[in-house]
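Q: Predicted model follows, preceded by the sequence.
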Amino acid sequence: MLLAIDSGNTRTKWALFDLAGTLQAHDAALNLAFNAPPAAWQLATRVIVCNVAGAARAEHLARLLQPLGVTVQWLTASASAGGVRNRYRQPRQLGADRWAALVGAWQRLRGSCVVVNAGTAVTIDALHHDAALDQAVFLGGLIVPGLRLMRQSLAQGTAGVDAPLGAVLDFPQTTADAVSSGALAAIGGAVLNMHHRLQQQAGSAPHCLISGGDGPALLAWLRAQGINKHIELEPHLVLHGLRYLVDGAR
């Protein structure tokens, strides 16, 4: 089986895929609590990892994987793979998780798509379908702080805004609700902006795939704004992208 691991800033997500590409097992845990390999990892014959949590985290994962006795592929972005061309000025500087998500989105949809990963940081990437070549082109994307980071920045940088987690409302009337509503509206507005720009580029409304821990809240906010077509939550998008990349999909 293939073990795919997505090591993020806050959580580590993993999945096992069989030879047919079917997801057989998956789980996630906070990085601070991820101190031993799950028993299911013993089934792995191949391993691919994308890690955006730094060198120390990579070393920790390498120690957990060492007893498996299999070669570990550590993903870095490239100029082209999985049917996607990467227009980053320095392709290898694109985050490995973003690259895997873009490939996963293309292999799933074969169409233009706004690819959103709503985690500690939120990435909002434009994937354009080049119909002439039947390829996808990553045009570029946005990175903004996630909900928790936005709330933390207000608490640390201002006086009197160290509020508890509030509700998301149209017209907030408490500081806690104003902070929570404002943070989600800022992220949602950035997604809507990218959706509009990609629609202009593609000539039709693109899809939107959302993953990440804050994905459900973001999806609900976007649907409340009337964005209901071609938008969905795909919590395992990065892991599926890793599967496509290791199998050499085009």
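A: Received the coordinates, thanks. Numbers count the residues shown, from 1 in each chain.
Q: Other residues contacting stretch 240-248?
A: Stretch 240-248 has contacts (CB atoms under 8 Å, 6 or more residues apart in numbering) with 2, 4-6, 15, 17, 21, 23, 46, 48-50, 73, 75, 81-82, 99-105, 107-108, 234. In short, each C-beta sits where N, CA and C put it, glycine included.
Q: from the chain's centre, how far out does it sit?
A: The chain centre lies 15 Å from the centre of stretch 240-248; the measure is CA atoms, centre = their mean, to the nearest Å.
Q: Go ahead and confirm residue 38 touches residue 16.
A: No - judged on CB atoms under 8 Å, residue 38 makes no contact with residue 16 at a distance of 9.4 Å.
Q: Between the two, which has more neighbouring residues?
A: Using other CB atoms under 10 Å as the criterion, residue 38 and residue 16 rank with residue 16 on top: 20 against 14.
Q: Just grab the bridge partners of that one for me.
A: residue 3, residue 25 (DSSP bridges).
Q: Closest to the centroid, which residue in the protein?
A: The geometric centre of the chain, computed from its C-alpha atoms, lies nearest to residue 117 (CA atoms, centre = their mean), at 3.2 Å.
Q: could you say what helices and strands the worst-scoring helix or strand of the chain on mean pLDDT packs with?
A: Using mean pLDDT, DSSP states H and E, the weakest-scoring helix or strand in the chain turns out to be helix 147-157, at a mean of 88. For helix 147-157, the elements it packs on are helix 175-202, judged by 3 or more CB pairs under 8 Å, 6 or more residues apart in numbering; DSSP states H and E.
Q: and the helix it packs on with helix 147-157, angle?
A: Helix 175-202 and helix 147-157 are oriented at 130 degrees to each other (axes from the mean of the first three to the mean of the last three CA atoms, to 10 degrees).
Q: In helix 175-202, which residues are buried?
A: Buried residues in helix 175-202, defined by neighbour count with 16 or more other CB atoms under 10 Å: 176-185, 187-188, 190-192, 194-195, 198, 202.
Q: Equivalent analysis for stretch 31-43, please.
A: For stretch 31-43, burial by neighbour count (16+ other CB under 10 Å) applies to 31, 34, 37, 40, 41.
Q: Please apply the same query to stretch 241-250.
A: Buried, per 16+ other CB under 10 Å, within stretch 241-250: 241, 242, 243, 244, 245, 246, 249.
Q: what kind of secondary structure is the first one in?
A: In other words, residue 241. Three-state assignment for residue 241 (DSSP: H, G, I helix; E, B strand; the rest coil): helix.
Q: Find the residue closest to it in space, skipping its chain neighbours.
A: Once flanking residues are discounted, residue 241 sits nearest to residue 104: 3.0 Å by CB to CB, 6 or more residues apart in numbering.
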